[in-house]
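In: with the sequence up front, the predicted model follows.
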Amino acid sequence: MSARAFVALGSNLKDPATQIVRAFDQLALLPATRLLRRSSLYRSAPVGYIDQPDFINAAAELETDLMPLALLHHLLQIEARAGRTRPFPNAPRVLDLDLLLYDALVMHTPELILPHPRLHERVFVLLPLAEIAPDLDVPGHGSLARLLAACPSQGVERLGSKLA
């Protein structure tokens, strides 16, 4: 039985917009998975470690037969192929793929927390999600519209039109 999963995409190194477009292409090639929707690209200031370039962010909706941990492992492989390293928390990155939601599943393991633990406080995640799934509810937090209304703008800017 297929699940509906949402992934946040981010990059601020090596032509970030191109990295995000390539990542969308890689998501479309995942086994037992279909890329249903992709958001526009959004520019956002870095969070946490601020001495780095702005990020390009987006969101994707997937339909998948992969289990959550298997999907996470595929996302980590895509990051690794793009050249992702993790020298310190919130470091600049070529590609960041976060599994945000997997149906309405709530899970907390050492490897994966669903929904993503900071999803509800990050406008650079909420805006792209709201573009592709405006009626989405985040388990334990409520509707995207309510979450967006509760967040400060954080200076997130939509870039151009949708990619597909």
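Out: Great, that's in hand. Numbers count the residues shown, from 1 in each chain.

In: residue ranges of the helices in the protein, please?
Out: According to DSSP state H, the chain carries its helices in the segments 16-28, 68-82, 123-132, 144-150.

In: so can I have TSV of those showing mean pLDDT and mean neighbour count?
Out: C-beta: built from backbone N, CA, C; applies to glycine. Listed next are the helices of the chain as TSV, based on pLDDT from 0 to 100; neighbours: other Cβ atoms under 10 Å:
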stretch	mean pLDDT	mean neighbour count
helix 16-28	97	19
helix 68-82	97	17
helix 123-132	96	23
helix 144-150	94	15
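
In: gap between residue 82 and residue 137?
Out: As judged by Cβ to Cβ, to the nearest Å, residue 82 and residue 137 stand 31 Å apart.

In: OK, contacts around residue 97?
Out: Neighbouring residues of residue 97 by Cβ atoms under 8 Å, 6 or more residues apart in numbering: 7, 8, 9, 23, 75, 76, 78, 79.

In: partners of it in the sheet?
Out: For residue 97, the beta-bridge partners are residue 9 (DSSP bridges).

In: go on, residue 102?
Out: Counting by DSSP bridges, the residues bridging with residue 102 are residue 5.

In: tally of neighbours for it?
Out: Using other Cβ atoms under 10 Å, residue 102 has 24 neighbouring residues.

In: ok, now the one 4 residues further on?
Out: In terms of burial, residue 106 registers 12 neighbours under the definition other Cβ under 10 Å.

In: then residue 84?
Out: Neighbour tally, residue 84, other Cβ under 10 Å: 18.

In: ok, residue 88 next?
Out: Residue 88, neighbours per other Cβ under 10 Å, totals 9.

In: what about it, distance to residue 49?
Out: Note on residue 88: its distance to residue 49, by Cβ to Cβ, is 7 Å.

In: please apply the same query to residue 111.
Out: In terms of Cβ to Cβ, residue 111 sits 23 Å off from residue 49.

In: and for residue 110?
Out: Counting by Cβ to Cβ, the gap from residue 110 to residue 49 is 24 Å.

In: okay, those two: which has more neighbours?
Out: Remark: of residue 110 and residue 49, residue 49 carries more neighbours, 11 against 5, as counted by other Cβ under 10 Å.
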